[in-house]
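Chemist: coords please:
(chains A and B)
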Amino acid sequence: MANRRGILFWLGLVSLGAVGVAASDGDGDRNGTRSGWLTSRADVAPVTNATYGEECGSCHLAYQPGLLPAQAWTQVMDPAALADHYGDDASLTETLRAEIAGYLLAQAADQASAPRSRAFAVGFDAHAGTGLPRITERRYFERKHDDVPASLVTSNPDVGSFSQCNACHRGAAKGVYNDSRIDIPGYGRWED
Amino acid sequence: MNPLNRCVLVLMAGLPIPSALAGDAAAGAAAWVAEHQPGGGAPVRSCVTCHGDDLTKPGRHAVTGKAIEPLAPSVNPERLSDPANVEKWLRRNCRWTLGRECTATEKADFVAYIKTQ
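Modeler: Take a look at the predicted model:
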C-alpha cells in the first residue's frame, strides 16, 4: 500500500512537471523558467464543465469545484439556497441545477487529488455557522490570508472582498493560486 | 386573394407575439433609473447600479465587481436574442433591485427600452 502510494505520488509529480514544461513554452513569462514552471501548475483542478462555467461564472469567477468539500456544495446547490444566494438570486431550472450539482460533487475538494484542494476540505463542519458555507471561511483559507490587511481587501475598491480571488490571483481562472501569480491592485506583487 | 386581404392576414398571424411583448420604451427608460431602497439601510438600488446608464458601455456587478458586457443590442448583438435567458435575468435582477419579481408589463417595458439602445 505504502509503495503504491509512493509510485502514484511520483507519477503525479512527473506529470505535473510535464504539463509545466509544455505550458511554459508558450508562456513568454518575464520571470524566467522557474517561475514559468510555477505559474503554469494548477493548484486546484480548472473548471471543465461548460454549463458550470457559464451559469456559475456570470456574477463572479466560476469557483473551482475543488475549493469546497462535497457537503458544502450540497448546501450551496440546494434549490432554496440558490434563490437566496449570499444576498443574490442564482436559481436555476431543475435540469441545470442537477447537472451542476453532479459536477461539483464529483470534483469536490474531498474527492480531488490536487494538494491544495485537499487542504480546503480539512475541518469542514456542515452544521457549524448559520449562512451558506464560504471558501473564504475555510480554515486553510483563513490561515493563508491571515497576513493580508483589510486595507488591501474590503477597503480596496478594485478588490471589494476576499471572494474575488481573481482580483489578486492572476491565474485564478485556471486554478493557479500559488505565490508566483499574486498581484494585489494598488499594491503590486506579494513577496512574503 | 387580393393583396390587401393577404396583408391583413399576415398582420394578424404576426400579431399575437409582438403584442404580448410590445412594451413602452419610455416607461422602461424611467424604470431603468428608478431607485429602490432595500431593507437594512443598504444603498439604494437601480438597474444602473450594475449596468450603468449608458447601455452601450460595459457595466460592473455592484457586489462582486465582475465586468458585465454592454446590454445594448446596437453594440452587443447577442443581447435579447435568447428569451429564456432574458426571462431568467429579469427575474434575478428584479428581485435584487426592486426586492420582488417584475410584472409582465414592467418586463416588456424594460425589454422595449433595451431594444432601442
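
Chemist: contacts, neighbours, all on C-alpha from now
Modeler: Will do.

Chemist: the nearest residue to A:Ile184 once chain neighbours are set aside and A:Pro115: what is the separation?
Modeler: Distance criterion C-alpha to C-alpha, 6 or more residues apart in numbering or on different chains; nearest residue to A:Ile184, sequence neighbours excluded, is A:Cys168 at 4.6 Å. According to C-alpha to C-alpha, to the nearest Å, A:Cys168 stands 21 Å off from A:Pro115.

Chemist: name the residue in these two with the higher neighbour count.
Modeler: More crowded of A:Cys168 and A:Pro115, by other C-alpha atoms under 10 Å in any protein chain shown: A:Cys168, with 23 against 12.

Chemist: pull the contacting residues for B:Trp96.
Modeler: A:Asp88, A:Asp89 (C-alpha atoms under 8 Å, 6 or more residues apart in numbering or on different chains).

Chemist: kindly report the same for A:Leu61.
Modeler: A:Leu61 sits next to A:Gln164, A:Cys165, A:Asn166, A:Ala173, B:Lys66 when contact means C-alpha under 8 Å, 6+ apart.

Chemist: next, give me the two most distant ones among the residues you listed.
Modeler: A:Ala173 and B:Lys66 (12.8 Å; C-alpha to C-alpha).

Chemist: flag every residue of chain B that's near chain A.
Modeler: B:His61, B:Val63, B:Thr64, B:Gly65, B:Lys66, B:Arg92, B:Asn93, B:Arg95, B:Trp96 (C-alpha under 8 Å from any C-alpha of the partner chain).

Chemist: tell me the confidence at the residue in chain A that chain B sits nearest to?
Modeler: Relative to chain B, the nearest point of chain A is A:Asp89 (5.2 Å; C-alpha to the nearest C-alpha). The per-residue pLDDT reported for A:Asp89 equals 96.

Chemist: now do the one 10 residues further on
Modeler: For A:Glu99, the pLDDT comes out at 98.

Chemist: please tell me how far the residue of chain A closest to chain B sits from B:Arg95.
Modeler: Following C-alpha to C-alpha, the distance that separates A:Asp89 from B:Arg95 is 7 Å.

Chemist: and the two? Which one has more around it.
Modeler: A direct count of neighbours by other C-alpha under 10 Å for A:Asp89 and B:Arg95 places A:Asp89 higher, at 20 against 16.

Chemist: count of neighbours near the nearest residue to that one once chain neighbours are set aside?
Modeler: Spatial nearest neighbour of A:Asp89, excluding adjacent residues (C-alpha to C-alpha, 6+ apart): A:Ala83 at 4.6 Å. Close neighbours of A:Ala83, defined as other C-alpha under 10 Å, add up to 17.

Chemist: what residues does A:Ala83 make contact with?
Modeler: By C-alpha under 8 Å, 6+ apart, the residues touching A:Ala83 are A:Asp89, A:Ala90, A:Ser91.

Chemist: residue in chain B nearest to chain A?
Modeler: Scanning chain B for proximity to chain A using C-alpha to the nearest C-alpha identifies B:Arg92 as nearest, at 5.2 Å.

Chemist: surely that residue is within a helix?
Modeler: Yes. According to DSSP: H, G, I helix; E, B strand; the rest coil, B:Arg92 belongs to a helix.

Chemist: pLDDT score assigned to the residue nearest to A:Asp89?
Modeler: Looking at A:Ala83, its pLDDT reads 95.
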